[in-house]
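Asks: build me a model:
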Amino acid sequence: MKVAVSLLAFDFTDLKNQLMEVEKRVDWLHFDVMDGNFVPNISFGPQVLKDVSKVSGLYKDVHLMIERPHRYIEDFKKAGADLITFHLEAYDQSAEVLDCLKLIKSFGLKAGLSIKPATDPSTLRTYLALLDLVLVMSVEPGFGGQSFMPSSLDKVAYLKSAKVKENYNYLIEVDGGVNDQNAPLLKAKGAEVLVSGSYIMRGDIASNIEKLK
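Replies: As a prediction, this is how the structure comes out:
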């Protein structure tokens, strides 16, 4: 099980020290990028990723919750992204989704797709063979600190079944309200990467991370 800590939950007045604290304990650093249009919040852009990349060697997992994400793929590549995930719901046409996936791959990056809680995972079938990661949102995207939606467990199970049946290579990631109570349930259903922000960064960081693995 990989654990990805969300930068959204960090105290930016103590960012460098907190990065050093999680550096040897988590597997990935998760960047929740929001534009105030696709979701009702604004977070940060490529410059923050670039600055963080100077002080952290963690794998950079970039989650674009933005409209027309293809416009920013090159910027995030240059800033240090290793993996870029965007939302299936960001485009109306499958051709647009495919073009964005191809663009990400053209920069030598891993490519992922994410779905909101209301989106049926079967809508991903067209793209599964092309993906390095599928991100199941277990809260409504836009804000940290929300409660986990149990309905995401069935989505994880669906994606795990499809992966095994068709021998796909994508990792199954879950983001939203992940904690020590639901982590075992997600793991049992087939989740392979757990994103957590608020749970990890409040209290004993080292202990909280260990409880997720």
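Asks: C-alpha from now on. contacts and neighbour counts both.
Replies: Will do.
Asks: nearest spatial neighbour of Ala90, skipping sequence neighbours?
Replies: Nearest residue to Ala90, sequence neighbours excluded (C-alpha to C-alpha, 6 or more residues apart in numbering): Glu67, at 5.6 Å.
Asks: quick check: pLDDT value at the one you found.
Replies: Confidence at Glu67, expressed as pLDDT, is 96.
Asks: likewise for Gly145?
Replies: So Gly145 comes in at 69 (pLDDT).
Asks: helix, strand or coil for the residue positioned nearest the centre of the chain?
Replies: Centroid-nearest residue in the chain: His63, 5.0 Å away (criterion: C-alpha atoms, centre = their mean). Three-state call for His63 (DSSP: H, G, I helix; E, B strand; the rest coil): strand.
Asks: wait, what's in contact with Ile73?
Replies: Applying C-alpha atoms under 8 Å, 6 or more residues apart in numbering, we find Ile73 in contact with 84, 103-104.
Asks: kindly report the same for Ser138.
Replies: By C-alpha under 8 Å, 6+ apart, the contact set of Ser138 is 116-117, 148-152, 174-177.
Asks: backbone phi and psi for it, please?
Replies: Main-chain dihedrals, Ser138, degrees, to the nearest 10: phi -100, psi 10.
Asks: number of residues surrounding the residue lying closest to it once chain neighbours are set aside?
Replies: Using C-alpha to C-alpha, 6+ apart and skipping the chain neighbours, the partner closest in space to Ser138 is Gly176 (4.8 Å). Gly176 has 24 neighbouring residues, counting by other C-alpha atoms under 10 Å.
Asks: hmm, Gly176 is touching Val139, no?
Replies: Yes - using C-alpha atoms under 8 Å, Gly176 makes contact with Val139 at a distance of 4.9 Å.
Asks: between those two, what contacts are shared?
Replies: Contacts common to Gly176 and Val139, judged by C-alpha under 8 Å, 6+ apart, are 146-148.
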